[in-house]
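Colleague: Here is my input; please provide its structure:
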Amino acid sequence: MEPTPYEAAPYEAAPYEPGTPCWLDLASADPAASRRFYGGLFGWTSYTLTIDTLDDYDVFTLGGVNGPTVAGMQRLTDPSQPSVWTCYFYAESVEEAARRVVAAGGRELLPPTEIAHLGRTGMYSDLEGWDFAVWQPHEVEGADVVGRPAAMCWTELAAYEAEPAESFYGAVFGWDAVRHGDRTTWRAGRRPVAGLIPMDDKRPGGWIPFFQVADCDAAVRDGVELGARVAVPPRDEAAGRFAAVVDPNGAWVTMIAPHGVGEGLPESG
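Modeller: Sure, this is the predicted structure:
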């Protein structure tokens, strides 16, 4: 079995390395509704950053507004579109990452942009058009908590073709691709950082974050009571008990209750 991707202690910053997922944010058509939903589902609270380059940007935290950060949220530009998560990957240089994206055949959606004293970011799309972002830190390395309940514990890409995706992300982030059946685990050195799965009609395409929960069945029940619909009912996988719901604004929310640290990565077929 593959090891779980993160083993950071709760309420401590993760040891981010180049190419590792370090942040995610939600583009929401209804931020107030999203605050209620994720507050009820994961116990998140939030505060608002007002920065010229971000307008109003919500930062989700655990244990109150002064607690550790887990994710962010901004208003969706087109409210007719469903809400969507964007995964950010740690980079030593956004400009260098941008050059690699374009050289590998991807597109630049947002050029390197300074986010006040926090860091620099850029947004891109891969060969199939799936969006992702990179983050070069100044004062903020990324999420304070990963790999623990109510926080991101994994991310994977649902793509139509594996080989072009493996080649593209290998060129951009230096990832090594390890195949097992029709699935791929990407590694940065010896550390697993992300997964690649075949695209099908059960899930949206693109990058999908996983959130760790203590009880998958209870989390799904809570999600439904808060207005979500079940996309994948709870079931047992190699890494743990897995499920997915779609939040009231259309964002895919994947959850897993791991069997134990080191027992494996999610297999969300």
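
Colleague: From what I see, F242 and A219 are in contact.
Modeller: No - the pair F242 / A219 is not scored as a contact, 10.9 Å apart, by C-beta atoms under 8 Å. Yep, even glycine has a C-beta here, placed from its N, CA and C like the rest.

Colleague: Would you mind listing the residues touching both of these two?
Modeller: When C-beta atoms under 8 Å, 6 or more residues apart in numbering defines a contact, the residues bordering F242 and A219 alike are M255.

Colleague: Y169: what secondary structure?
Modeller: Using DSSP: H, G, I helix; E, B strand; the rest coil, the three-state assignment for Y169 comes out as helix.

Colleague: surely it meets R187?
Modeller: No - counting by C-beta under 8 Å, Y169 stays clear of R187, with 11.1 Å between them.

Colleague: The two: which is more packed in?
Modeller: Neighbours per residue (other C-beta atoms under 10 Å) separate Y169 from R187, with Y169 holding more: 28 against 18.

Colleague: In contact with that one, which residues?
Modeller: Contact criterion C-beta under 8 Å, 6+ apart gives 126, 157, 175, 186, 194 as the residues in contact with Y169.

Colleague: Equivalent analysis for P209, please.
Modeller: In this structure, P209 makes contact with 21, 24, 85, 87, 152, 154-155, 254, judged by C-beta under 8 Å, 6+ apart.

Colleague: give me that answer again for 6 Å
Modeller: For P209, the set of contacting residues under the criterion of C-beta atoms under 6 Å, 6 or more residues apart in numbering consists of 24, 85, 87, 152, 155.

Colleague: same thing with A244?
Modeller: Residues counted as contacts of A244 (C-beta under 6 Å, 6+ apart) are 231-232, 254.

Colleague: Give the buried residues for stretch 129-147.
Modeller: Residues 130-137, 140-147 are the ones in stretch 129-147 that count as buried (16 or more other C-beta atoms under 10 Å).
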